[in-house]
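Trainee: Task: produce atomic coordinates for the following.
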Amino acid sequence: MNAMNRFADSAETPAFDAPQILRRTRRRRTVGIAAVAAALIAAGGGTALATSVAGGSPTPAATATDAKNDDATTLLYRFADGATTRLPLAGLSLDMAKPVLEKTQTKLGTVTKKAVKGCKPTSVLEVTPHAPKTIKPGDTVDFTICAG
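Mentor: Below is the predicted model:
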């Protein structure tokens, strides 16, 4: 019994480095935010690509918005730290664009349908406000979609 008491009294207590844990947590949070931003950007182009490869309709997504960096269909999102990222929505359907709004914590505003020849129905033709104006969480984004 005495040997057990001597062993228990001699054991070292673990040391916690609180500042290092805090730095690691902040670093992980920053990397997580960067990963979400990259996923949002990739989702814009990747989703349109997946839709075209999956064998959807043979009509192009939207002929009026074929420019690669068309600002009429691009949201410019401003993070809390002041950094901005471009979120291209050209060619996405309204259903595919809604998750982008959820992730950026913005609200869906007015949805207007516009008849444009040769566009895919419900594809995004224009967003308001669009780049170069920035949006932040809580803002409302209006959409103009193809009527078909």
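Trainee: all helices for the protein, in order.
Mentor: For the chain, the helices defined by DSSP state H occupy 2-10, 18-53, 94-103.
Trainee: Which of the ones you listed comes out lowest on mean pLDDT?
Mentor: Among those, helix 2-10 carries the lowest mean pLDDT, at a mean of 68.
Trainee: Let me see the contact set for the one residue sitting closest to the centre of the chain.
Mentor: The centre of the chain sits closest to residue 40, judged by Cα atoms, centre = their mean, with a distance of 3.0 Å. Neighbouring residues of residue 40 by Cβ atoms under 8 Å, 6 or more residues apart in numbering: 77, 85, 87, 100, 103-104. Where C-beta positions appear, they are placed from N, C-alpha and C, glycine not excepted.
Trainee: nearest to residue 71, of these?
Mentor: residue 87 (11.7 Å; Cβ to Cβ).
Trainee: burial of the closest residue to that closest one other than its chain neighbours, as a residue count?
Mentor: Among residues not flanking residue 87 along the chain, residue 75 sits closest, at 4.2 Å (Cβ to Cβ, 6 or more residues apart in numbering). For residue 75, the neighbour count with other Cβ atoms under 10 Å is 27.
Trainee: now do residue 101
Mentor: Residue 101: 21 neighbours (other Cβ under 10 Å).
Trainee: Next, work out how far apart it and residue 18 are.
Mentor: Plainly put, residue 101 is 38 Å away from residue 18 if you go by Cβ to Cβ, to the nearest Å.
Trainee: Repeat that for residue 108.
Mentor: Using Cβ to Cβ, residue 108 is found at 43 Å from residue 18.
Trainee: Of those two, give the one with the bigger neighbour count.
Mentor: In terms of neighbours (other Cβ under 10 Å), residue 108 is the more surrounded of residue 108 and residue 18; the figures are 14 against 7.
Trainee: Got the confidence number for the nearest residue to residue 107 once chain neighbours are set aside?
Mentor: The shortest distance from residue 107 to any non-neighbouring residue, by Cβ to Cβ, 6+ apart, is to residue 140 (4.6 Å). At residue 140, the model reports a pLDDT of 91.
Trainee: contacting residues for residue 140?
Mentor: 106-109.
Trainee: In strands, which of the residues you listed fall?
Mentor: Judged by DSSP state E, the contacts of residue 140 include 107-109 as members of strands.
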